[in-house]
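Colleague: Provided below are the primary sequence and the corresponding predicted coordinates.
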Amino acid sequence: MIKRIQLKIFPNKINDTAFIDSLVRKECRSINGKISEWHIEKKSVDARKRRAFYLIQVDVYFNASRKERITYVDSYKDVSRAQEVHIIGAGPAGYFAALELIESGLKPIILDRGKNVRDRRRDLKAIQQDGVVNPDSNYCYGEGGAGTYSDGKLYTRSYKRGKISKVLDLFVEHGAKEDILIDAHPHIGSNKLPKIISEMRATIERYGGEIHFDSQVTDLELDSSKINTIVLKDGTKLKCDYVILATGHSARDIFALLDRLKVHIKAKPFALGIRIEHPQQIIDQAQYNESPRSEFLPASSYSLTAQVDRKGVFSFCMCPGGLIVPAATSPGEIVVNGMSLSRRDSAYANSGVVTSIELDELADYGFTGTFASMDFQRKVEQGIFNAGDGSQKAPAQRMTDYVNGQFSKDLNPSSYIPGLYSSNLKEILPEFVNDRIKNGLIQFGNKMKSYMTSEANIVAVESRTSSPIKIPRNKESYAHEQISNLYPCGEGAGYAGGILSAAMDGQNVAKAIFRKKNI
């Protein structure tokens, strides 16, 4: 017999196994049978009361043992001579599609325009320290995709997409700590993910898959309703039967290529705004009612929403104990994003604060057609770059100055390495975006104690929250509605938003190809 119980544990006892065991036995004392073992299945922090505590969900086994966790990689077989499936993009959608293909007995061949995780670091250093943007290797492009060096948050609201536990198990099999299996908001950290991604690459190659970096796809040759050839930047032509398109939300050249080939794509709403950075201590005090926080509590986070003129404003990609990083993918643009290392021990907390940009709004500003959202996104990013000094320094204001429409004579210290400069963001952000963000922040300040403060910086612009393009596909087959062997997936196709949902979408597409092959 198995009984699931829930326990409240104060932070200083969360790692005390003997104490938790005593609580388990006390909770189960009325149940007949001998406790064989117990396991924590879920763990979260509850900070709604005056004193924060952990809520843990425990499965207690009576005269029984827990089943061993499934190990997927052990079941893989060599696929080096199997049916080939080409994958464009080595992000989470691409890599998890590849692992699923291997499990199904198919051979993945991954093509990525960027570099492996180790070689990407030099380009990240160049954009951070020298303001030099490599358009093929940056925080968005390269092995592991945007998530590798932008935090590694592993949570999603998209529970209908697939089996979240399988994605988490595969991360653990490749080196992630088992904590991600039980934490309510699992997180790996940008200092840990590169090694895990490298191990995934090794698995794919060990079982016969191929991964080719510095292999930008520049053309697709079509025969009626199928792709028959993939063309690389160096002129290489690859014959193909199945193509998974997993290029991420910033692959503007791929969107342009599809449009040129008359492959149906369409504009979609996306989100745009700013990134706000508080001292972590302020967020801890607001959430935990204590400062400094207990050493047994994680850096605290928040999730806030507001309605302004019937439009949503919401926090996005909140990074407790994190850093702001430059996320431009081309020279001549400013884009910021957030990330955290595994310990989340930075002195700062940052979060995107964005609002949804609807297509009818864009039409009012003269942006229409397939690339309405993408063109608007690019115009904002380039406009902010042109307002600066030609570097990756980002414009910023103190939070209270931003809300009150005042220029900041000076700025707070920041984690953003390229640096900040004082600017009136009202003059460089679109008016309707600025108005909604400002009023949304006021509402956030009413909801969360100490949130509204001059000690926070507002930094522009947060614009890569999601793809500005959707690549339509058949709901049943997962194939493109027009090209029968093209399988768009992940964030770039408009079907995911984050590592977990992109990984699950990659798995689903791989399964769909296996089903089609075996009909």
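Modeller: Thanks, I have it.

Colleague: the stretch 251-400 of the chain: helices as residue ranges?
Modeller: Taking DSSP state H, counting those that start in this stretch as the test, the helices found in the stretch 251-400 of the chain are 252-260, 280-288, 359-364, 372-386, 399-404.

Colleague: and for the chain?
Modeller: Under the criterion DSSP state H, the chain carries helices at the ranges 17-27, 92-103, 117-125, 164-173, 193-206, 252-260, 280-288, 359-364, 372-386, 399-404, 431-447, 499-517.

Colleague: how far off centre is the fifth one?
Modeller: Using Cα atoms, centre = their mean, to the nearest Å, the distance from the centre of helix 193-206 to the centre of the chain it belongs to is 19 Å.

Colleague: before we move on, what about the fourth one?
Modeller: Relative to its parent chain, helix 164-173 has a centroid offset of 16 Å by Cα atoms, centre = their mean.

Colleague: got the buried residues for that helix?
Modeller: By neighbour count, with 16 or more other Cβ atoms under 10 Å as the criterion, the buried positions of helix 164-173 are 164, 166-173. The way it works is simple: take the backbone N, C-alpha and C, and place the C-beta from them, glycine included.

Colleague: again, but for the third one
Modeller: Buried residues in helix 117-125, defined by neighbour count with 16+ other Cβ under 10 Å: 117, 120, 123-124.

Colleague: now do the fifth one
Modeller: Of all the residues in helix 193-206, those buried under the rule 16+ other Cβ under 10 Å are 193-194, 196-201, 203-204.

Colleague: distance to Ile40 and pLDDT for these - can I get that in CSV?
Modeller: As requested, the buried residues of helix 193-206 are exported to CSV (distance: Cβ to Cβ, whole Å; pLDDT from 0 to 100):
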residue, distance to Ile40, pLDDT
Leu193, 24, 93
Pro194, 28, 93
Ile196, 22, 96
Ile197, 27, 96
Ser198, 29, 97
Glu199, 25, 98
Met200, 26, 98
Arg201, 31, 98
Thr203, 28, 98
Ile204, 32, 98
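
Colleague: tally of neighbours for Lys409?
Modeller: Number of residues near Lys409 (other Cβ atoms under 10 Å) recorded here: 8.

Colleague: contacting residues for the nearest residue to it once chain neighbours are set aside?
Modeller: Beyond its immediate neighbours in the sequence, the residue positioned closest to Lys409 (Cβ to Cβ, 6 or more residues apart in numbering) is Ser422, lying 7.1 Å away. Listed by Cβ atoms under 8 Å, 6 or more residues apart in numbering, the contact partners of Ser422 are 395-397, 407-411.

Colleague: can I get these in CSV including distance to Ser104?
Modeller: Below are those laid out as CSV (distance: Cβ to Cβ, whole Å):
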residue, distance to Ser104
Pro395, 49
Ala396, 49
Gln397, 52
Phe407, 59
Ser408, 56
Lys409, 61
Asp410, 58
Leu411, 53
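
Colleague: by neighbours, which of these wins?
Modeller: Within the contacts of Ser422, most neighbours by other Cβ under 10 Å means Ala396, with 29 neighbours.

Colleague: distance of that residue relative to Gly131?
Modeller: With distances defined as Cβ to Cβ, to the nearest Å, the gap from Ala396 to Gly131 amounts to 16 Å.

Colleague: rewinding a little: report the two of the buried residues of helix 117-125 separated the most.
Modeller: Among the buried residues of helix 117-125, the pair separated by the greatest distance (Cβ to Cβ) is Val117 and Asp123, at 11.3 Å.

Colleague: which residues are common contacts for those two?
Modeller: Gly142.

Colleague: quickly list what Tyr61 is bridged to.
Modeller: Ile2, Glu37 (DSSP bridges).

Colleague: that older thread, for the buried residues of helix 117-125, which one is nearest Gly369?
Modeller: Of all those, the one with the least separation from Gly369 (Cβ to Cβ) is Asp123, at 32.9 Å.

Colleague: and the pLDDT at the closest one?
Modeller: The predicted local distance difference test score for Asp123 is 96.
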